[in-house]
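Student: with the sequence up front, the predicted model follows.
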Amino acid sequence: MKAVQTADVEVTKTVDDYSFDRVPEEKRNMGWFSVTNITFGIATAIFYFQMGSVMALQFGAINAIISAIYAIIVAGILGTVISYLSAKSGMNVNLMSRSGFGYIGASLTSLIYASNFIMYCAFEGMILVAAVHAFFPSIPVWLLIIVFGTIIIPLNWFGIKQLDKLQKWSLPIFAIFLIVTIIVAWNKTSLYEGSFWTYMPEGVQIGGSALLLCIGMQHGIMGLTALLGSDYARFLKPKDLKLGSVMIGFIPQIFCFGVMGGLGIWFGVRLGESNPGVYIVTLLGLGGVLFTLLTQLRINVTNIYSASLSLSNFFENVFHFKPGRRFWVVVAGVVSMGLMLGGILDHLSAAMTFQGVFLMTWAAILVTDALVVKKLMKIVPEGYEAKQEKLFKWNPVGVAPLVIASILGTIAALGYMGTFLQSTASFFAAVLASILTVIVAKATNGQYYYKESAVRKAKKEKEPRSSNSEGREAESY
Ligand SMILES: Nc1nc2[nH]cnc2c(=O)[nH]1
């Protein structure tokens, strides 16, 4: 019996991506460079070209640049704190949320997070399908969807190590394609005669509503870029904790919003076209199709990886159903193919708006919980716990601010509270959520974080006051 158990443990260990609990210290063996490199899979998406090009052509290059600086700073700070907490605890945001939101509360965040990655996977997949179809119109779209939708499943089979290798080997190829694209575009006569950063469409000014609209576009994606480092940062070597957290927090943001977004501005202004699917293929021909193939596969393996972790987490938490991460890789891949085949992506813009607000709000609550509720106010001890038996189902400290701020923020982001709040909704939702987190934590005295400390607190209230040492079980992360 013992041998069978040992074998079982071995099997789980080789396959396990630590979906249900912290990465043990002996498995935190990735250097900051490897971890940052994996997050680069996201940063190299041509989606960021598109954001830069659209913003520059509609609202002026300088407004696009200012909004990119804002995005780098805000998402970089949130991303750094979240990466630090993940690296220190060995947990991703799904697991870290279990104590602050309760384990059922955290399963809701996991489900929304998973659905977000699946939708993004379909969205990125369609960019690829459109580029290939434009070049090879005789290949039917449905066939391209099935081929490119299926290919990312085996690319996700072996978890984090496989992701690391894929991103490492494909990065130099990406760099070559990028440099060639820049050289070819440089050699084309620019449609705009001035310096690219001076481009301003008629009737648009620096700042004001044009800048706010750019910031609103950045808000749609900033929460996600801040949160997703946590799936990988938890594998960081302890000795890389501080430097690594800053690198994982900032470098992808600098690359997404600064380098890729900046190039998008430049391409857009120079070529007078906002769709990179069009201009990359125009510039490089078949090479452009291959370039798109590379960027989209790089991003979609990370989308499916994060979706599979979140789905594992949700189903284990709510239904105790643990078929293994690979099962969820297949499910995420198939659902995203279904979204593409069903042509439903065009009808998901309200859902995407909600998710943009929700993810920024969630990130803000995690950061406030760690820095203010735990570190500054010491309402609960620092650290995290993921075991259901030690947790409450719901913790209002995380859930109430998330629900209130996400609902109000989404209503504002959809334009029902005026144009100023439409563009700034995510920011204000995040600020509101942070304030509410502190208020609810103080009001509940942190009693819904850990069952044991609640019992101890109740006992202590009956006893005369002596020391202030309650609830230390999660202190060591
Ligand atoms: N994680 C993730 N981030 C993105 N940023 C832009 N597109 C994507 C995407 O598909 N996935």
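Tutor: Noted; the coordinates are in hand. Because the structure is a prediction, the values reported are computed rather than measured.
Student: looking at the residue of the stretch 301-450 of the chain found nearest the ligand now. What's its pLDDT?
Tutor: Closest residue of the stretch 301-450 of the chain to the ligand, C-beta to the nearest ligand atom: N303 (4.9 Å). Where C-beta positions appear, they are placed from N, C-alpha and C, glycine not excepted. What the model reports as pLDDT for N303 is 94.
Student: now T14
Tutor: 42.
Student: do L228 as well
Tutor: For L228, pLDDT reads 89.
Student: okay, now it: neighbour count?
Tutor: 28 (other C-beta atoms under 10 Å).
Student: sorry, back to before: correct me if wrong: the residue of the stretch 301-450 of the chain closest to the ligand contacts M119.
Tutor: No - if you go by C-beta atoms under 8 Å, N303 and M119 don't touch, sitting 9.1 Å apart.
Student: need the overlap of contacts for those two.
Tutor: Common neighbours of N303 and M119 (criterion: C-beta atoms under 8 Å, 6 or more residues apart in numbering): S336.
Student: could you confirm the residue of the stretch 301-450 of the chain closest to the ligand falls within a strand?
Tutor: No - per DSSP: H, G, I helix; E, B strand; the rest coil, N303 lies outside any strand segment and is helix.
Student: how about the contacts made by it?
Tutor: Taking C-beta under 8 Å, 6+ apart as the definition, contacts of N303 comprise F117, I118, Y120, C121, E124, A332, S336.
Student: ok, now how distant is it from S336?
Tutor: The gap separating N303 from S336 is 8 Å, by C-beta to C-beta, to the nearest Å.
Student: tell me if K378 really is in a strand.
Tutor: No - counting by three-state DSSP, K378 falls outside a strand, being coil.
Student: what about it, how many residues nearby?
Tutor: K378: 11 neighbours (other C-beta under 10 Å).
Student: for it, what are phi and psi?
Tutor: The phi/psi pair for K378 (degrees, to the nearest 10) reads phi 50, psi 40.
Student: measure it to Q447 for me?
Tutor: Distance, K378 to Q447, using C-beta to C-beta: 14 Å.
Student: before we move on, what about V367?
Tutor: For V367, the distance to Q447 - C-beta to C-beta - is 22 Å.
Student: over to S19?
Tutor: According to C-beta to C-beta, S19 and Q447 sit 28 Å apart.
Student: sticking with the most centrally placed residue in the chain, tell me its helix or strand.
Tutor: Ranked by distance to the mean C-alpha position of the chain (C-alpha atoms, centre = their mean), the top residue is L224 at 2.9 Å. Under the criterion of DSSP states H and E, L224 resides in helix 208-227.
Student: what residues does the helix or strand following that helix touch?
Tutor: Next along the chain after helix 208-227, taking DSSP H and E as the criterion, comes helix 230-233. The contact list for helix 230-233 (C-beta under 8 Å, 6+ apart) reads 30, 35, 38-39, 82-87, 91-93, 96, 160, 244-245, 248, 305-306, 309.
Student: 7 Å - rerun?
Tutor: Residues external to helix 230-233 that are found in contact with it (C-beta atoms under 7 Å, 6 or more residues apart in numbering): 35, 38-39, 82-83, 86-87, 92-93, 245, 248, 305-306, 309.
Student: what residues of stretch 184-198 count as buried?
Tutor: Across stretch 184-198, burial judged by 16 or more other C-beta atoms under 10 Å covers V184, A185, S190, Y192, F196, W197.
Student: which residues of the stretch 51-200 of the chain lie near the ligand?
Tutor: Taking C-beta under 6 Å from any ligand atom as the criterion, the stretch 51-200 of the chain approaches the ligand at residues Y120, E124.
Student: sketch out the helices for the stretch 51-200 of the chain, chain order is fine.
Tutor: 61-89, 93-101, 103-135, 141-151, 159-186 (DSSP state H, counting those that start in this stretch).
Student: close to the ligand, is whichever strand or helix holds T368?
Tutor: Assigned by DSSP H and E, T368 belongs to helix 349-368. No - Helix 349-368 does not reach the ligand (C-beta under 6 Å from any ligand atom); its nearest approach is 10.1 Å.
Student: what is that helix packed up against?
Tutor: Where contact means 3 or more C-beta pairs under 7 Å, 6 or more residues apart in numbering; DSSP states H and E, helix 349-368 is packed against helix 61-89, helix 93-101, helix 103-135, helix 208-227, helix 396-413, helix 419-444.
Student: of these, which is nearest F257?
Tutor: Comparing those by their distance to F257 (C-beta to C-beta), the top pick is helix 61-89, with 4.3 Å.
Student: show me what the closest one packs onto, helices and strands only.
Tutor: So helix 61-89, by 3+ C-beta pairs under 7 Å, 6+ apart, packs with helix 47-59, helix 93-101, helix 208-227, helix 230-233, helix 241-253, helix 261-271, helix 349-368.
Student: average pLDDT for it?
Tutor: pLDDT averaged over helix 61-89 gives 97.
Student: buried set for that helix?
Tutor: Buried-residue list, helix 61-89, by 16+ other C-beta under 10 Å: 61-68, 70-72, 74-76, 78-89.
Student: next, the angle helix 93-101 makes with it.
Tutor: Orientation of helix 61-89 against helix 93-101 (axes from the mean of the first three to the mean of the last three C-alpha atoms, to 10 degrees) gives an angle of 80 degrees.
Student: list just the nearest of the buried residues of stretch 184-198 to the ligand.
Tutor: Using C-beta to the nearest ligand atom, A185 is the member of these that sits closest to the ligand, with 21.7 Å.
Student: please name the nearest non-neighbouring residue to the residue in the chain that the ligand sits nearest to.
Tutor: Per C-beta to the nearest ligand atom, Y120 is where the chain lies closest to the ligand, at 3.3 Å. Nearest non-adjacent residue to Y120, counting by C-beta to C-beta, 6 or more residues apart in numbering: N303, 5.2 Å away.
Student: what does F358 give?
Tutor: Using C-beta to C-beta, 6+ apart, the nearest residue to F358 is S406, at 4.6 Å.
Student: dump the residue contacts of that neighbour.
Tutor: Residues in contact with S406, defined by C-beta under 7 Å, 6+ apart, are V357, F358, T361, A429.
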